[in-house]
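Peer 1: What follows is a predicted protein model with its sequence.
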Amino acid sequence: MEPFGSPLIMNIQSEIFEESASELPAYAQIPISFEVCSVFDVSLLENGRCEFRLSERSIGAPWVKDYDVYHGEGPTRWADHWNLSNWGILSAFGNGVRLGGCAIACNTLGVHMLEGRKDLAVLWDIRVSPQCRKNGLGGKLIEAAIAWAKSHGCRQFKIETQNVNVPACRLYAKHGFKLRSIRRHAYPELPDEIQLIWCMEL
């Protein structure tokens, strides 16, 4: 494991390092699932600037969403679809224990969110061990991902999530991402979910 320069984020609890794609099986052991207790209803503000309002709404019966189970996908399958040589795989460790990580896609054929651009980065994945959530590690991973994208010449950072992932939306907004577009029928197999695209100019 080679550090990304010196550790990007360091405190008593964690250090963040860049790893190779060969470590994805270990990276994938960190659960990405979370409990959905509320959702965001999305509306367009009538201010002429294509801005959106997110209104949180509690749901009657909480349920668990796990991105890794959809279509049998997950970190160990990414290399089956794309060349990962331009990706950043950042992992957080504390006392030698893997606590979380994130993956950044960049300059990769076949990743449609990259729009064929070489100066655009996409946060492809972010995950934190359940016992480490709500203590700031997700924010440190976002900061590390932004630093990685800047160091690789990217001028824009993009993230896709859904209106059912309220904690992620709050995290991205807190760290300066703006909700730029939505699609209400992006997922035919998940008709109740709305795709949200967050962007940051670097």
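Peer 2: Happy to help now that I have it.
Peer 1: just checking, what packs against the lengthiest helix in the chain?
Peer 2: Identified as the longest helix of the chain according to DSSP state H is helix 137-151. Secondary-structure packing of helix 137-151 (3 or more CB pairs under 8 Å, 6 or more residues apart in numbering; DSSP states H and E): strand 15-19, strand 88-94, strand 97-106, strand 120-128, strand 156-162, helix 166-174. Bear in mind the C-beta positions are built from the backbone N, C-alpha and C, glycine included.
Peer 1: again, only using 7 Å
Peer 2: If contacts are counted by 3 or more CB pairs under 7 Å, 6 or more residues apart in numbering; DSSP states H and E, helix 137-151 sits against strand 15-19, strand 88-94, strand 97-106, strand 120-128, helix 166-174.
Peer 1: who touches stretch 85-105?
Peer 2: Stretch 85-105 has contacts (CB atoms under 7 Å, 6 or more residues apart in numbering) with 4, 13-21, 23-24, 26-27, 30, 106-108, 111, 114, 121-129, 132, 137, 141, 144-145, 148-149.
Peer 1: next one: stretch 120-137
Peer 2: Residues contacting stretch 120-137 (CB under 7 Å, 6+ apart): 14, 30-32, 75, 92, 99-106, 111, 113-114, 138, 141, 145, 149, 154, 156-159.
Peer 1: Make a PyMOL selection of the buried ones in those residues.
Peer 2: To isolate the buried ones among these in PyMOL, judged by 16 or more other CB atoms under 10 Å, type:
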select buried, resi 14+30+32+75+92+99+100+101+102+103+104+105+106+111+113+114+138+141+145+149+154+157+158+159
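Peer 1: any idea how far residue 53 is from residue 166?
Peer 2: In this structure, residue 53 and residue 166 are 14 Å apart, going by CB to CB, to the nearest Å.
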